[in-house]
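[1] 3D model of this:
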Amino acid sequence: MNIKSLLLGSAVASVSFTGAQAADAIFVPEPEPIEYVRVCDVYGAGFFYIPGTETCLKIGGYVRYQIDWAEGDDGWRKFGRANVELDARSETELGTLRSFIQVWFNQSSGFDGFVDDDDDRYSSGVTLRQAFVELGGLFFGIKTTLWDGELDGEYDYWGYDSRVHTVGYNFAFGNGVNVALALEEYDYDYDYKPNVVGKVGISQGWGSLNVWGAYDATAEEGAAKAIAKIKLADPLELQLAGVYASGESQYSPYDYKWAAGAHLKYKVNEKLALGFGGEYFGDSFVEGYNDWALGAVVDYEVVKGFASKLAVNYYDGDSFESGDNHWGGFLRLQRNF
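    Numbering: from 1, shown residues only. Predicted coordinates:
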């Protein structure tokens, strides 16, 4: 076999092999496009589009560690919380559709890990704090009571943010005017009569004023309160509050018929704020006692997203004649995200 014959045979074999491969061509699919997370700036900072949808989601919350003290204690009382919030919103032909979930993971020091039978803010365990839906102005679900509202001090006996089963409507009229009405339920299978709560608020350059009215259908008692926050100067704010209840109910200032208070808040700079105030609580439903409280608060932002609060309170009056605790307070460290 000469060189010419060898080269010709090799060429024929190569063409035959290539033809066989062409009959079984390999199909390589094109890569699917990757959808990156898009920022949603319609509802403010922190929202992003859920991939494949037009729904915006914000994941937030805080981690809190708190050390409490009261006169008469035998040691420190500690409390920790992990607060997780999910806020999903989208636009519809009926307005903004929103769903909000808030879960508390609480842990208190002590054997039973329970601080207050009447206030789940300091109980141990997992608490579904809020889970509600909003469509336009309509809202329904588990939500902080519409009655929520208090001074910035840590010494008051009323206005804490109880959770309720509720349905209501919020009317926003513009120019800082807002009106809301809610039906609320604290009871379980007691009757079909809901509590009724209304709120009227106005916010302007000088400050804000909010007025509430409530009727407890179970106790068959009513209550009303008002809170004003007035900007005296650029760093100084005066807060005034008053509440009255016809009888003991979910909306009365704990065991008192009425209460009034004032609080001064001074913002020293972007990081530091000081507060001082007090309240008077009159005509206890139990014994007709009159009591009062004073308190000071120091708020300091260590770095962005990490804040501290120091509160010192003093309580006195008819209820404390037996030598109950007079002084109390706490140190709180909180990382928000």
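
[2] quick one: buried residues of stretch 278-295?
    For stretch 278-295, burial by neighbour count (16 or more other CB atoms under 10 Å) applies to Gly278, Glu279, Tyr280, Phe281, Gly282, Ser284, Tyr289, Asp291, Trp292, Ala293, Gly295. C-betas here are computed from N, CA, C, even on glycine.

[3] which helix or strand lies directly C-terminal to whichever strand or helix holds the third one?
    Secondary structure assignment for Tyr280, by DSSP states H and E: strand 272-284. Past strand 272-284, heading to the C-terminal end, the next element that is a helix or strand (DSSP H and E) is strand 291-303.

[4] in the stretch 1-150 of the chain, where is pLDDT below threshold?
    Per-residue confidence for the stretch 1-150 of the chain (pLDDT under 70) gives these ranges: 1-25, 27-35, 111-123.

[5] please enumerate the helices of it.
    For the stretch 1-150 of the chain, applying DSSP state H, counting those that start in this stretch gives helices covering 3-23.

[6] quick revisit: show me which of the buried residues of stretch 278-295 is closest to Tyr254.
    Nearest to Tyr254 out of the buried residues of stretch 278-295 is Phe281 (CB to CB; 7.8 Å).

[7] shouldn't the closest one be in contact with Asp316?
    No: the criterion here is CB atoms under 8 Å, and Phe281 misses it with Asp316 at 10.9 Å.

[8] need the residues touching each of these two.
    Counting by CB atoms under 8 Å, 6 or more residues apart in numbering, the shared contacts of Phe281 and Asp316 are Asp291, Trp292, Ala293.

[9] which of the residues you listed sits closest to Asn178?
    Taking CB to CB as the measure, Asn178 lies nearest Ala293 of the shared contacts of Phe281 and Asp316, at 29.9 Å.

[10] what bridges to that closest one?
    Bridge pairing for Ala293 (DSSP bridges) gives the partners Glu279, Tyr315.

[11] adjust the sequence numbering to begin at 36 for everything that follows.
    Sounds good: first residue 36 from here, last item Ala328.

[12] that one: what's it in contact with?
    Tyr190, Asp191, Tyr192, Gly313, Glu314, Phe316, Asn348, Tyr349, Tyr350, Asp351.

[13] Gly282 too?
    By CB under 8 Å, 6+ apart, the residues touching Gly282 are Ala254, Glu255, Glu256, Lys292, Phe320.

[14] any quick PyMOL command for the buried ones out of those?
    In PyMOL syntax, the buried subset of the contacts of Gly282 is picked out as below (16+ other CB under 10 Å):
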select buried, resi 254+256+292
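
[15] which pair of the contacts of Gly282 spans the longest distance?
    Pairwise distances across the contacts of Gly282 peak at 15.6 Å for Glu255 and Lys292 (criterion: CB to CB).

[16] just give the nearest non-adjacent residue to Arg124, would you?
    Excluding its sequence neighbours, the residue lying closest to Arg124 (CB to CB, 6 or more residues apart in numbering) is Arg133, at 4.7 Å.

[17] what are the bridge partners for the residue nearest the centre of the chain, then?
    Nearest residue to the geometric centre of the chain (CA atoms, centre = their mean): Gln137, 7.4 Å. Assessed by DSSP bridges, Gln137 has beta-bridge partners Glu120, Gln165.

[18] coming back round to it: I'd like the contacts of Ala328 laid out as CSV, including distance to Gln274 and pLDDT.
    Shown next, in CSV, are the contacts of Ala328 (distance: CB to CB, whole Å; pLDDT from 0 to 100):
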residue, distance to Gln274, pLDDT
Tyr190, 13, 89
Asp191, 11, 81
Tyr192, 16, 70
Gly313, 12, 96
Glu314, 11, 96
Phe316, 17, 94
Asn348, 16, 96
Tyr349, 19, 95
Tyr350, 19, 92
Asp351, 22, 91
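
[19] of the residues you listed, keep whichever come out buried.
    Those of those that meet the buried threshold are Tyr190, Asp191, Tyr192, Gly313, Glu314, Phe316, Asn348, Tyr349, Tyr350, by 16+ other CB under 10 Å.

[20] out of those residues, which is nearest to Asp183?
    Within those, the smallest distance to Asp183 is 12.3 Å, found for Asp191 (CB to CB).

[21] tell me the secondary structure for that closest one?
    What DSSP: H, G, I helix; E, B strand; the rest coil gives for Asp191 is coil.

[22] hang on, isn't it packed against Glu314?
    Yes: in this structure, Asp191 is within contact of Glu314 by CB under 8 Å, at 5.4 Å.

[23] what sits in contact with each of these two?
    Here Asp191 and Glu314 have Ala276, Ala294, Gly296, Ala328 as joint contacts, going by CB under 8 Å, 6+ apart.

[24] how near is the third one to Tyr225?
    Going back to what we said before, that points to Gly296. Using CB to CB, to the nearest Å, Gly296 is found at 32 Å from Tyr225.

[25] when these two are compared, which one has more neighbours?
    Gly296 (26 against 10; other CB atoms under 10 Å).

[26] list the contacts of that one.
    Contacts of Gly296 (CB under 8 Å, 6+ apart): Leu186, Gly188, Asp191, Leu275, Ala276, Gly277, Gly312, Gly313, Glu314, Tyr315.

[27] so Gln285, which state does it fall into?
    At Gln285 the chain is in coil, as set by three-state DSSP.
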